[in-house]
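# have a look at this prediction, sequence included:
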Amino acid sequence: MIIREGTLAEAIEVLGNIGEFARSETLGSLKKRLGDKPYLVLIAEHEGDLCGVKIGYQLDDDCFYSWLGGVTQQGRRRGIAQTLLHAQERWVAQHGYTSLRVKSRNCFAGMLCLLLNNHYQIEHLEKKDALDQYRLHFVKKITPSE
């Protein structure tokens, strides 16, 4: 497996192969969300196939937001999500951020477990109409590296 910085076009390709997302992203929608903020796109590749993505951007000088990510059905159960998470944390530390924030929904139990197992702490619960759509807001303190 290879984890590398990728393009927004590659991110769209991977996201289009992840069935859990309610709406499909376009190059335009990604660019609109990212704006002129510093951002990172990580791509996971396994045997030549793009099978995972993690996109994040700067919230402020100290905080990076892990916005959107996932692993295709074919890529699951191979440690790809864990490897993407570690790669993003390393990049965030190398770029001097001191915290990393992420949100997930109750319906994504695998992601919730991944975050908790990696010492992310719940800082807020955002209630929605259905319990499975409640958003949990997580934060992790990061030690910047040189």
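That came through, no problem. Numbers count the residues shown, from 1 in each chain.
# so how far is residue 53 from residue 137?
Per Cβ to Cβ, to the nearest Å, residue 137 is found 21 Å from residue 53. (C-beta placed from N, C-alpha, C; glycine too.)
# could you pull up the contacting residues of the closest residue in space to residue 53 that isn't next to it in sequence?
Leaving aside its chain neighbours, residue 53 sits nearest to residue 14 (4.1 Å; criterion: Cβ to Cβ, 6 or more residues apart in numbering). By Cβ atoms under 8 Å, 6 or more residues apart in numbering, the contact list for residue 14 reads 43, 50-53, 70, 72.
# related to what we said a few turns ago, between residue 137 and residue 53, which is the more surrounded one?
Per other Cβ atoms under 10 Å, whichever of residue 137 and residue 53 has more neighbours is residue 53, with 26 against 15.
# secondary structure class of the more buried one, three-state.
Of the three states, residue 53 takes strand under DSSP: H, G, I helix; E, B strand; the rest coil.
# now stretch 78-90, how far from the centre of its chain.
In terms of Cα atoms, centre = their mean, to the nearest Å, the centre of stretch 78-90 is found 9 Å from the chain centre.
# check which residues of it are buried.
80-81, 83-85, 87-89 (16 or more other Cβ atoms under 10 Å).
# just those: which are in helices?
80-81, 83-85, 87-89 (DSSP state H).
# what about the protein, any weak spots by pLDDT?
22-23, 146 (pLDDT under 70).
# tell me what the closest residue to residue 6 other than its chain neighbours is bridged to.
Using Cβ to Cβ, 6+ apart and skipping the chain neighbours, the partner closest in space to residue 6 is residue 43 (3.2 Å). Beta bridges link residue 43 to residue 4, residue 53, judged by DSSP bridges.
# mind listing the helices for the chain?
In the chain, the helices defined using DSSP H lie at 8-15, 27-34, 80-94, 109-117.
# show the contacting residues for the residue nearest to residue 99 when sequence neighbours are not counted.
Among residues not flanking residue 99 along the chain, residue 63 sits closest, at 4.8 Å (Cβ to Cβ, 6+ apart). For residue 63, the contacting residues are 97-101, by Cβ under 8 Å, 6+ apart.
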